[in-house]
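In: Using only what follows, build the 3D model:
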Amino acid sequence: MKLKNLLNNLSYKTIQGSLELEISQVTSDSRKVEPRAVFVAIKGFELDGSKFIPKAVENGAIAIIIEKEMEIEELPQNVTILEVGNTRVALACLSHNFYNKPTEKIHMVGVTGTNGKTSITTFLDAIIKAHQKKAGIIGTLGAKIGKKFTKTGITTPESNDIQRYASQMVKAGLDYLVIEASSHSLELHRVDCCDFNDAIFTNLSPDHLELHKTMEAYFEAKALLFEMASDNLIINIEDDYGQKLFNSHKDKAITYGINHPADIRAEIKEETLAGSKFDLITPKGKQEVYINLPGEIFVMNALAAAAWAYTADIPLEVVAKGLNDVKAIKGRMELVHQDDDNYIVIDFAHTEDGLKKVLESLRPFTKNRLILVFGVYSANDDSGHDKRKGMAKVAAGLADYSIVTSDNPKFYDPQEIVKEISGYIASEGGKYCQIVDREEAIKFALKQLLPGDVLLIAGKGHETTQNIAGKEIPFSESDIVKRFYQAS
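Out: Next up, the predicted model:
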């Protein structure tokens, strides 16, 4: 495709070169540059993409996109240089055009909120399949296109990857694209130029404040998705920020809830650790539903998916089948071991609200002690300290005993993080011990189990690596549990 055609609907200034170049690729990663590529220099949090322009040209880039303030070395005259107001926006728009506007050719559903996105996208996928349609998924677990699954390592990939996946979904003949839209992706323009049909809001609790700084700014980032969606807005009316979002979009909003008047509601009839039975109540009638995941938190996630299905005119019996077809979700209240004495659950809960809901969901099924293994990765600033304090307070109040360990410490000192969390638990009167090595912490917890105990291993969920000092080390919590019981 000609460079000039990629620039449609984008304001730019030509520094040098021709717009008649035939382009083979759009990328912001100099390591992935192919011959005749456009390289978009992104100004990141730690690195300035302009520093990688020489490498991109060396690898075959023939056009470079920069921002006004970027300083670059002199380049050969046959390399086109264009200046734009925001290179993140440019990457999204260039990619949208390069892949022939794929999100305009598929029904696109965005799911946003602090917790529940992965569960909701999984439920949506199952409902769509039960309805004899096909969906592609982009989210925390990776990108699923038909039978092909690709790990992305990030909740919402960069904009050029989103457009590439969307293009593959269109070519595969899929009917829907369901994507987890993180606050980072909305704030950093990764989903710009996407043609969203519907948007779903789960909830909002403190997280990612190292980027957004305040809860209000965090909410405004999430709310961007609801300005982008053209058709239906599905909102958790029981969340304070959901109520705020509803007040701004009453004309297109469909609400869901359990304990609050809503368009789509649930009346819970039975709960066990194996799952929940409830009546799904909609303006079109009532349907009994059984989901294979425990606790009110998953009833709410199922309701979000059911509310979307209501807007898509999917029959209630099909919705019930789809929800029931989900037998488990990796790292989400995942029961990795059970016997006559104990239940061991792994969950991705990594925020104060997420941890609170999971512990509350497990408490009714705990005959003896509810034991928690957790750590907190967060920035080493006020928002990080607040997050650690909040999660420690939840642990002290809802777990009978906590084993404080590391999560993904990255470049932070894990011993200092563990010490800080432990101090907060102590100040709340909670019982705890400290074991910095996460594998040793899990093994210790398993050795301490008494009949009737439930163990929750929280924070990493589906993840199969641990980031220590910037290195990704293979790490599977379910494998640790499995090996322990095989050896005992």
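In: so what's the residue positioned nearest the centre of the chain scoring on pLDDT?
Out: The residue lying closest to the centre of the chain (Cα atoms, centre = their mean) is residue 155, at 4.1 Å. Turning to residue 155, the model gives it a pLDDT of 80.
In: so it touches residue 139, yeah?
Out: Yes - if you go by Cβ atoms under 8 Å, residue 155 and residue 139 touch, sitting 6.3 Å apart. From N, CA and C alone the C-beta is placed, and that goes for glycine too.
In: shared neighbours of the two, anything?
Out: By Cβ atoms under 8 Å, 6 or more residues apart in numbering, residue 155 and residue 139 have these common neighbours: 117, 180.
In: okay, now the domains of the chain?
Out: 3-98, 102-325, 334-487 (automatic domain parsing).
In: Burial check on the closest residue to residue 193 other than its chain neighbours, number of neighbours?
Out: Spatial nearest neighbour of residue 193, excluding adjacent residues (Cβ to Cβ, 6 or more residues apart in numbering): residue 96 at 3.8 Å. Using other Cβ atoms under 10 Å, residue 96 is surrounded by 28 other residues.
In: For residue 96, give me phi and psi.
Out: Main-chain torsions, residue 96, degrees, to the nearest 10: phi -60, psi -40.
In: which ones are touching it?
Out: 102, 103, 159, 163, 193, 194.
In: For the protein, which element, helix or strand, carries the lowest mean pLDDT?
Out: helix 209-212 (a mean of 58; mean pLDDT, DSSP states H and E).
In: ok, back up a step: what's the farthest-apart pair in the contacts of residue 96?
Out: Greatest spatial distance among the contacts of residue 96 (Cβ to Cβ): 102 and 159, at 12.2 Å.
In: quick one: which of those two has more around it?
Out: residue 159 (28 against 24).
In: correct me, but the more buried one touches residue 186?
Out: No - the criterion here is Cβ under 8 Å, and residue 159 misses it with residue 186 at 11.5 Å.
In: Any stretches of this structure with poor pLDDT?
Out: Confidence mapping of the chain against pLDDT under 70 gives the ranges 45-46, 206-213, 378-383.
In: With residue 406 as the reference, measure out to residue 418.
Out: Counting by Cβ to Cβ, to the nearest Å, the separation of residue 418 from residue 406 is 6 Å.
In: between these two, what contacts are shared?
Out: With contacts defined as Cβ under 8 Å, 6+ apart, the residues shared by residue 418 and residue 406 are 375, 436.
In: What separation do you get for residue 141 and residue 154?
Out: Remark: distance between residue 141 and residue 154 (Cβ to Cβ) = 11 Å.
In: Compare those two (neighbour count), which wins?
Out: With neighbours defined as other Cβ under 10 Å, residue 141 and residue 154 compare such that residue 141 has more, 21 against 16.
In: Return the residues in contact with that one.
Out: Applying Cβ under 8 Å, 6+ apart to residue 141 gives the contacts 118, 151, 330, 462.
In: hmm, which of those residues are the buried ones?
Out: Neighbour counting by 16 or more other Cβ atoms under 10 Å classes 118, 330, 462 among the contacts of residue 141 as buried.
In: out of everything not next to it in sequence, what's closest to the first one?
Out: By that I understand residue 118. Nearest residue to residue 118, sequence neighbours excluded (Cβ to Cβ, 6+ apart): residue 140, at 4.8 Å.
In: Check which helix or strand the spatially closest residue to residue 236 that is not a sequence neighbour maps to.
Out: What sits nearest to residue 236 in space, not counting adjacent residues and going by Cβ to Cβ, 6+ apart, is residue 242, at 4.2 Å. Per DSSP states H and E: residue 242 is located in helix 240-248.
In: Residue 9 now?
Out: Using DSSP H and E, no helix or strand contains residue 9.
In: Is the residue nearest to it when sequence neighbours are not counted in a helix, a strand, or coil?
Out: Sequence neighbours aside, residue 93 is the residue nearest to residue 9 in space, at 6.2 Å (criterion: Cβ to Cβ, 6+ apart). Following DSSP: H, G, I helix; E, B strand; the rest coil, we place residue 93 in the helix state.
In: correct me, but residue 93 touches residue 189?
Out: No - counting by Cβ under 8 Å, residue 93 stays clear of residue 189, with 9.2 Å between them.
In: So which of the two has more stuff around it?
Out: residue 93 (24 against 20).
In: For the residue located most distally from the centre of the chain, give me its contacts.
Out: Distance to the chain centre peaks in the chain at residue 77, reaching 42.7 Å (criterion: Cα atoms, centre = their mean). Listed by Cβ under 8 Å, 6+ apart, the contact set of residue 77 reads 16, 17.
In: From residue 54, how far off is it?
Out: 15 Å.
In: cool, and residue 216?
Out: 41 Å.
In: do the same with residue 176
Out: Distance from residue 176 to residue 54, by Cβ to Cβ: 42 Å.
In: neighbour count winner among the two?
Out: residue 176 (21 against 14).
In: Was I right to think that one contacts residue 106?
Out: Yes - Residue 176 is within contact range of residue 106, at 6.7 Å (criterion: Cβ under 8 Å).
In: Just give me the neighbour total for residue 388.
Out: Neighbours of residue 388 (other Cβ under 10 Å): 24.
In: which ones are touching it?
Out: Contacts of residue 388 (Cβ under 8 Å, 6+ apart): 376, 378, 417, 420, 421, 424.
In: Check residue 160 too.
Out: Counting by Cβ under 8 Å, 6+ apart, residue 160 has contacts 26, 27, 28, 91, 92, 94, 95, 98.
In: So which of those is surrounded by the most neighbours?
Out: Ranking these using other Cβ under 10 Å puts residue 94 first, with 31 neighbours.
In: Report the contact partners of it.
Out: By Cβ under 8 Å, 6+ apart, the neighbours of residue 94 are 6, 7, 10, 26, 38, 40, 65, 160.
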